[in-house]
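Colleague: what's the 3D shape of this:
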Amino acid sequence: MTTKIRVFLIDDHGVLRQGLQLLLDAQPDMIVVGESGRGRDVIDSLLRSRPDVVIVDVSMPDVSGHQLAAAIREALPDAKIVALTRHAEKAYVQQMLKAGATGYVLKQTAADVLISAIRSVAAGGTYLDPAVAGKVIESMGGSRAGANNGAVLTGREQEVLTMVAYGHTNKEIGTALGITTKTVETHKANVMHKLGITSRAELVRFALAQGWLERE
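Modeller: Numbering: from 1, shown residues only. Have a look, this model is predicted:
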C-alpha cells in the first residue's frame, strides 16, 4: 500500500480550507492531517500531526507568511512548505522561497496546479506556479549563464532550464513562455548537450549552483 502524502492546511478562510480538504482527500495519494485558521501557535499542532507538506497562506492576519514559513522550517525541517496566495509579484515569491518554501501557487490558478505542487515538493522538488515562474525567471537576466564548463546558454535556454528544474512539464513551460512544446524539447536538448548533462537531477543541481532557483 502506497504511503499517502500528509498535508496540513493553514489559511484564515474557513470555506477555502474546507474546499481544499475535500479536494486533497479525494486524491489517492494524499490525506489532510490537520488545518488551522491562525498562523500563531500552530507549531504545536504541526508537531503533533507531523505533515509531509504544509500549505501556508501568505497573507495571514496574525503573522506574515514568510515569518510563518521560517518558523515551520525551524520546527519541522523535514516538512515541505507550499505558499498559497493571490500575490503574483516577484518580491513575494522570493521572500517565501528564502524563508523556506519550496512551492508557490496562486489561489486563482486551477486546482491541479496545487496538486502538482504538493506532489513535486513531497518528492524533494521545487514548484513554481506557471503564472509566476516566467516573471521570476525573466528578472534573473542572462549574465550568469555559461558558468559551467565554458558553455554559453541563450536567455531562452536559461528560462527553459530553470522551469525544468522547478518541476514543470514541457507543456507547462511552453504555455508560460509562449512557445510550442516541440520548441521546449529542442531547447532542453540543446541545454543538455551544451552542459554535458544527461538527467533532470543534474539540471536541478546546475540551476541551484547558478542561483537561478532563488534559494539561499
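Colleague: Check which element follows the helix or strand bottoming out on mean pLDDT in the chain along the chain.
Modeller: Using mean pLDDT, DSSP states H and E, helix 130-140 stands out as the lowest-scoring helix or strand of the chain, at a mean of 64. If you walk from helix 130-140 toward the C-terminus, the next helix or strand you reach (DSSP states H and E) is helix 155-165.
Colleague: For the following helix or strand past that next one, which helices and strands make contact with it?
Modeller: Proceeding C-terminally, helix 155-165 gives way to helix 170-177 as the next helix or strand, assigned by DSSP H and E. Under the contact criterion of 3 or more Cβ pairs under 8 Å, 6 or more residues apart in numbering; DSSP states H and E, helix 170-177 touches helix 130-140, helix 155-165, helix 181-195. The C-beta positions use only the backbone N, C-alpha and C, and glycine is treated the same way.
Colleague: what's near enough to touch the residue nearest to Asp25 when sequence neighbours are not counted?
Modeller: With Cβ to Cβ, 6 or more residues apart in numbering as the criterion, Asp25 has its nearest non-adjacent residue at 5.6 Å, and that residue is Val32. Residues touching Val32, when contacts are defined by Cβ atoms under 8 Å, 6 or more residues apart in numbering, comprise 7-9, 20-21, 24-25.
Colleague: If we use 6 Å, what do you get?
Modeller: Val32 makes contact with 7, 21, 24-25 under the criterion Cβ atoms under 6 Å, 6 or more residues apart in numbering.
Colleague: Which of the residues you listed has the largest number of neighbours?
Modeller: Scoring the contacts of Val32 on neighbours with other Cβ atoms under 10 Å, the highest-scoring entry is Val7 at 26 neighbours.
Colleague: so which strand or helix has that one?
Modeller: strand 5-10.
Colleague: got the angle between the following helix or strand past that strand and strand 5-10?
Modeller: Counting by DSSP H and E, the element after strand 5-10 in chain order, helix or strand, is helix 14-25. Taking axes from the mean of the first three to the mean of the last three Cα atoms, to 10 degrees, helix 14-25 and strand 5-10 form an angle of 180 degrees between their directions.
Colleague: Can I get helix 14-25 in PDB? Just the C-alpha atoms.
Modeller: Output for helix 14-25, consisting of C-alpha atoms alone and laid out as PDB, is shown next (Å, rounded to 0.1, in the frame of the first residue of the first chain):
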ATOM      1  CA  GLY A  14     -12.600  28.500   6.600                       C
ATOM      2  CA  VAL A  15     -14.500  27.900   3.400                       C
ATOM      3  CA  LEU A  16     -11.300  27.600   1.400                       C
ATOM      4  CA  ARG A  17      -9.800  25.200   3.900                       C
ATOM      5  CA  GLN A  18     -12.900  23.000   3.700                       C
ATOM      6  CA  GLY A  19     -12.700  23.000  -0.100                       C
ATOM      7  CA  LEU A  20      -9.000  22.200  -0.100                       C
ATOM      8  CA  GLN A  21      -9.600  19.400   2.300                       C
ATOM      9  CA  LEU A  22     -12.200  17.800   0.100                       C
ATOM     10  CA  LEU A  23     -10.000  18.200  -2.900                       C
ATOM     11  CA  LEU A  24      -6.900  16.800  -1.400                       C
ATOM     12  CA  ASP A  25      -8.600  13.900   0.500                       C
END
